[in-house]
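> Provided below are the primary sequence and the corresponding predicted coordinates.
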Amino acid sequence: QVQFVESGGGLVQPGGSLRLSCSASGFTLDPYVIGWFRRAPGKEREGVSLINSSGRTTYYADSVKGRFTISRDNAENTVYLQMKSLKPEDTAVYYCAKSWSFRTTMAPADFASWGQGTQVTVPS
């Protein structure tokens, strides 16, 4: 089955850090743009960060800029999202998905192979 498997979520206090992993299953992620998304309770899914196939170009939503860092290890077939200075508003299920295009609009319809997500909870 072609999909991503996200992991690394959990409960963390405000100001804390987590590193999420997104491992590709059934395909090689080398040629793809990879995006991290999140869906908070009662809200629409939103794009958080984007990385191109080489890892040299990245994008961050304003809400996470300066706090989150996206990276990829194509040899490990994995993309990471390092999150620091976490806030209660970062509470969400985090997903990754692949695309052929690097578009900072991060429309979910442009992405495929969604995983089940990993829950991140930052209590207020």
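Perfect, I can see it now.

> residue closest to the middle of the protein?
Nearest to the geometric centre of the chain sits Trp36, at 2.3 Å (Cα atoms, centre = their mean).

> Name the helix or strand for it, please.
strand 33-39 (DSSP states H and E).

> Remind me what that strand packs against, helices and strands.
Packing partners of strand 33-39 (3 or more Cβ pairs under 8 Å, 6 or more residues apart in numbering; DSSP states H and E): strand 18-25, strand 46-51, strand 68-73, strand 78-83, strand 92-99. Backbone N, C-alpha and C define where each C-beta goes, glycine included.

> Sheet partners, orientation included, of the helix or strand just after the last one?
The first helix or strand that comes after strand 92-99 along the chain, using DSSP H and E, is strand 118-121. Paired with strand 118-121 in the same sheet, following DSSP bridges, are strand 10-11 (parallel), strand 92-99 (antiparallel).

> Now do the contacts for Val122.
11-14, 16, 86-91 (Cβ atoms under 8 Å, 6 or more residues apart in numbering).

> Buried subset of these, written for PyMOL?
In PyMOL, this line selects whichever of these come out buried by 16 or more other Cβ atoms under 10 Å:
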select buried, resi 12+86+90+91
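
> Surely Ser23 is in contact with Gly8?
No: checked against Cβ atoms under 8 Å, the pair Ser23 and Gly8 is beyond contact range at 10.3 Å.

> then stretch 22-37 to CSV, C-alphas only?
The C-alpha atoms that make up stretch 22-37 are tabulated as CSV, following Å, rounded to 0.1, in the frame of the first residue of the first chain:
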residue,chain,number,x,y,z
CYS,A,22,7.1,10.7,8.1
SER,A,23,8.2,7.4,6.6
ALA,A,24,7.2,6.4,3.1
SER,A,25,5.7,2.9,2.6
GLY,A,26,5.5,1.3,-0.8
PHE,A,27,7.3,4.0,-2.7
THR,A,28,10.5,6.0,-2.8
LEU,A,29,10.0,9.6,-1.8
ASP,A,30,13.1,10.9,-3.7
PRO,A,31,11.4,12.8,-6.5
TYR,A,32,8.5,14.2,-4.5
VAL,A,33,7.8,17.4,-2.7
ILE,A,34,6.6,16.6,0.8
GLY,A,35,4.3,18.6,2.9
TRP,A,36,3.3,18.5,6.5
PHE,A,37,-0.3,19.4,7.3
